[in-house]
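Novice: Mind folding the following:
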Amino acid sequence: MSNEYAVCVGIGVLVLWQGNVLLGERKGSHGRGQFATPGGHLEYLESFEHCARREVYEETNLTLKNIRFLRVCNLLTYAPKHYVDIGFLAESEVATPVVKEPQKVVSWEWYELDKLLTPLFAGTEFLLDSYRSGRSYWDAAGEVRY
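Specialist: Numbers count the residues shown, from 1 in each chain. Next comes the predicted model:
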């Protein structure tokens, strides 16, 4: 199998501060112009929690507390990219995010959960749905039909 069809492991983090959620407008290769939580790729031999902490810090300069598993999602929305996306919920220790990777995101802002910007990145939609519903398992989310 070529790398073109490899399955990647992504980590997304729903970061909360005083009841608000952190979102940034993506500039990336998929989901450009969509609003997403911080996150990224799991590195070789890295724990899920370490990846969540690292990605949030690398992207926003925020440190996290109370990290907990939220959901797993077999994300097919952006095929041919295919992700097993593991979602976490955490709280920020401080309120002021910084754009540390300006090539990947326009800005980071806090939003009330009932006043989110759209369009939302698919992984973020599933994170928010999991947070609201308690559902932790999504198989073939955004399923591609052949």
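Novice: Surely residue 21 forms part of a strand?
Specialist: Yes - with DSSP: H, G, I helix; E, B strand; the rest coil as the criterion, residue 21 is located in a strand.
Novice: for it, what are its contacts?
Specialist: The neighbours of residue 21, taking CB atoms under 8 Å, 6 or more residues apart in numbering as the test, are 14-15, 37, 110-111, 113, 116, 128. Heads up, the C-betas are built off the backbone N, CA and C, glycines and all.
Novice: and what of residue 120?
Specialist: Taking CB under 8 Å, 6+ apart as the test, what residue 120 contacts is 23, 34-36, 128.
Novice: Just the closest of those residues to residue 106, please.
Specialist: For residue 106, the nearest member of the contacts of residue 120 is residue 35. The distance, counting by CB to CB, is 9.5 Å.
Novice: if we can go back for a sec, buried only: go through the contacts of residue 21 for me.
Specialist: For those, a burial check counting by 16 or more other CB atoms under 10 Å picks out 14-15, 37, 110, 128.
Novice: Determine which two of those are furthest apart.
Specialist: Distance extremes for these: the farthest pair is 110 and 128 at 14.4 Å, using CB to CB.
Novice: In stretch 126-138, which residues are buried?
Specialist: Taking 16+ other CB under 10 Å as the basis for neighbour counts, the residues of stretch 126-138 that come out buried are 126-128, 130-131, 138.
Novice: Report how many residues lie close to the residue lying closest to residue 54 once chain neighbours are set aside.
Specialist: Beyond its immediate neighbours in the sequence, the residue positioned closest to residue 54 (CB to CB, 6 or more residues apart in numbering) is residue 46, lying 7.6 Å away. Other residues within reach of residue 46 by the criterion other CB atoms under 10 Å amount to 14.
Novice: Point out where the chain drops to low pLDDT.
Specialist: Within the chain, the stretches falling below the threshold (pLDDT under 70) are 1-3, 142-146.
Novice: tell me the strands in it, going along the chain?
Specialist: Assigned by DSSP state E, the strands in the chain fall at 7-17, 20-26, 35-36, 39-41, 64-75, 82-92, 105-112, 137-141.
Novice: strands paired with the last one, and their directions?
Specialist: In the sheet, strand 137-141 lines up against strand 64-75 (parallel) (DSSP bridges).
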